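**Q** let me see the structure of the following:
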Amino acid sequence: MQELTTDHRQGAQERVLGGVRRDIIEGRYLPGQPLSEIALAAGYEVSRTPVREALKQLQIEGLVEIRPRVGTFVRSPDRREVVELFELKEMLEGVGARLLAARGAVREVDELAENLDRSGEAVARDDAGAYARLVHEFHELLVIGADNTRLVAHYRTLMNQLAYHRLVSASLTRPGRLGASLAEHRRVLELVREKDGFGAEFAMRDHVRSSERATLAAADPLGGHSSTKES
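**A** Sure thing, here's the model as predicted:
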């Protein structure tokens, strides 16, 4: 019975953890927004204990900040931290591109080509929302295609800390960025198909730096919640 109770509590914690993490990453909870244990417990129909444990884990992952006797808030990385995270992203994705190029004609290369077809259609429609989702898919496919489980694990942790979807959306507000981003993706895939590992790594690193510049040039790249700015 004790084992069943523990399993049930862990299941509830994982459900809350996955749900809140996803909502932060996808921008439904904005930086600085307070997260109420009571409201989350009611929303997920669980007690406050699994909510509290889930929020502790999200603090370890860098997604929330727990302020004793004040509350829990969606964490907002400062500009320096965003720059540092982009530097790591450049390294990880550059390595991913090089390793993928070395593997030759694997399934992920075909999936990247399909992604670029759909990305081209999104750009033609000037649909930045659809393109932002395809950007995330492109980068994820490239890293998975490297066939290195440690690389994938570090990459996903980094993406969560960056709340990447929100930053991509901000970068795509820059005039001309939509088409430029697509052209950079196409160049990376072209070099991967040519099995030019170092060329692919260089092109991927250059693409990430361009994305970083566009993100930091946006008016409000993190889209913070108003309570943060007032605190």
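**Q** residue ranges with poor pLDDT in the chain?
**A** For the chain, the stretches with pLDDT under 70 are 1-9, 164-165, 219-231.
**Q** pull the contacting residues for residue 138.
**A** Residue 138 is in contact with 112, 115-116, 119, 185, counting by CB atoms under 8 Å, 6 or more residues apart in numbering. All C-beta spots, glycine's among them, are computed from the backbone N, C-alpha and C.
**Q** which ones among those are found in strands?
**A** Among those, none falls in strands (DSSP state E).
**Q** would you mind writing the PyMOL command to select the buried ones in those residues?
**A** The buried residues among these can be selected in PyMOL (16 or more other CB atoms under 10 Å) with this line:
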select buried, resi 112+115+116+119+185
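**Q** could you pull out the helices for this structure?
**A** 2-25, 37-44, 48-60, 79-103, 107-124, 128-145, 149-162, 164-171, 177-193, 197-217, 226-230 (DSSP state H).
**Q** got those as JSON lines, with distance to residue 67 columns?
**A** Shown next, in JSON lines, are those (distance: least, CB to CB, whole Å):
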{"stretch": "helix 2-25", "distance to residue 67": "17"}
{"stretch": "helix 37-44", "distance to residue 67": "13"}
{"stretch": "helix 48-60", "distance to residue 67": "10"}
{"stretch": "helix 79-103", "distance to residue 67": "18"}
{"stretch": "helix 107-124", "distance to residue 67": "40"}
{"stretch": "helix 128-145", "distance to residue 67": "30"}
{"stretch": "helix 149-162", "distance to residue 67": "19"}
{"stretch": "helix 164-171", "distance to residue 67": "22"}
{"stretch": "helix 177-193", "distance to residue 67": "36"}
{"stretch": "helix 197-217", "distance to residue 67": "27"}
{"stretch": "helix 226-230", "distance to residue 67": "12"}
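**Q** of all those helices, which one is nearest residue 71?
**A** helix 37-44 (8.7 Å; CB to CB).
**Q** so how far is residue 149 from residue 101?
**A** 19 Å (CB to CB, to the nearest Å).
**Q** between these two, who's got more neighbours?
**A** residue 101 (25 against 9; other CB atoms under 10 Å).
**Q** pretty sure residue 181 is touching residue 135, no?
**A** Yes. Between residue 181 and residue 135 there is a contact at 6.7 Å, judged by CB atoms under 8 Å.
**Q** a markdown table for the contacts of residue 138, including distance to residue 56?
**A** Formatted as a markdown table, the contacts of residue 138 follow (distance: CB to CB, whole Å):
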| residue | distance to residue 56 |
| --- | --- |
| 112 | 37 |
| 115 | 36 |
| 116 | 40 |
| 119 | 38 |
| 185 | 37 |
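**Q** if anything else comes up later, I'll come back, but that's it for now.
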